[in-house]
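**Student:** attaching a predicted model along with its sequence, questions to come.
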Amino acid sequence: MATTVPNSITGLQHRVLFLSLVDQRFAAASIWKTFFCSLPWLDLLPDQDHTVVTSGLGTYATLEARVSQSDYCTAVKTPDGVCVIAYLPTARTITVTMASMRAPAHAAWFDPTNGAYTTIPGRPVANTGTRLFTPPGKNHEAADDWVLVLDGSGSI
């Protein structure tokens, strides 16, 4: 996020603006830290073969592309089928193979802008067949990115 500072800004105003921006960045980092610490982080494996998220993936960008310009859905799973996580940088419907879960899954959307979870109706979701998931709309900051969390352990 580029911020332009007007030439007429005073030193004190500049420090206040700078600290405000730093606070925003630390708040976002804190939300992600809390989120990742709640997961079996060391057990998560990328869904590189797209056996879990089978459609709605978006376009895979090149390494030169900025993350903010990508619409690719990145998904991870645990080998034992306890957890599936899918990050959607843009809103769309994705298809998830529910048979990849070891048990019926509790499903929720995680808002990466404020750390809140939105429960997906119909919990728990059966661990058979496929299921379509669509984010609930704009997140707290009126952006489109959401994280789908499927938990077969019942902890969310």
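**Tutor:** Arrived safely, thanks for sending. Quick caveat: nothing in here was measured; it's all calculated off a predicted structure.

**Student:** any idea how the protein splits into domains?
**Tutor:** As recorded under automatic domain parsing, the domains making up the chain are 9-38, 41-151.

**Student:** for those domains, give me JSON lines that also has mean neighbour count and mean pLDDT.
**Tutor:** Where C-beta positions appear, they are placed from N, C-alpha and C, glycine not excepted. Putting the domains of the chain into JSON lines (neighbours: other CB atoms under 10 Å; pLDDT from 0 to 100) gives the following:
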{"stretch": "domain 9-38", "mean neighbour count": "11", "mean pLDDT": "63"}
{"stretch": "domain 41-151", "mean neighbour count": "16", "mean pLDDT": "92"}
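
**Student:** so what does W41 look like in phi/psi?
**Tutor:** phi -50, psi -50 (degrees, to the nearest 10).

**Student:** please read the previous query as pertaining to H106.
**Tutor:** phi -80, psi 130.

**Student:** what of T62?
**Tutor:** phi -80, psi 170.

**Student:** now it: how far from S70?
**Tutor:** T62 sits 10 Å away from S70, taking CB to CB, to the nearest Å as the criterion.

**Student:** what of A86?
**Tutor:** In terms of CB to CB, A86 sits 14 Å off from S70.

**Student:** swap in I120?
**Tutor:** Here the criterion is CB to CB. By it, I120 lies 24 Å from S70.

**Student:** so for I31, what's the nearest residue that isn't a sequence neighbour?
**Tutor:** Closest residue in space to I31, ignoring its immediate chain neighbours: G115 at 4.3 Å, by CB to CB, 6 or more residues apart in numbering.
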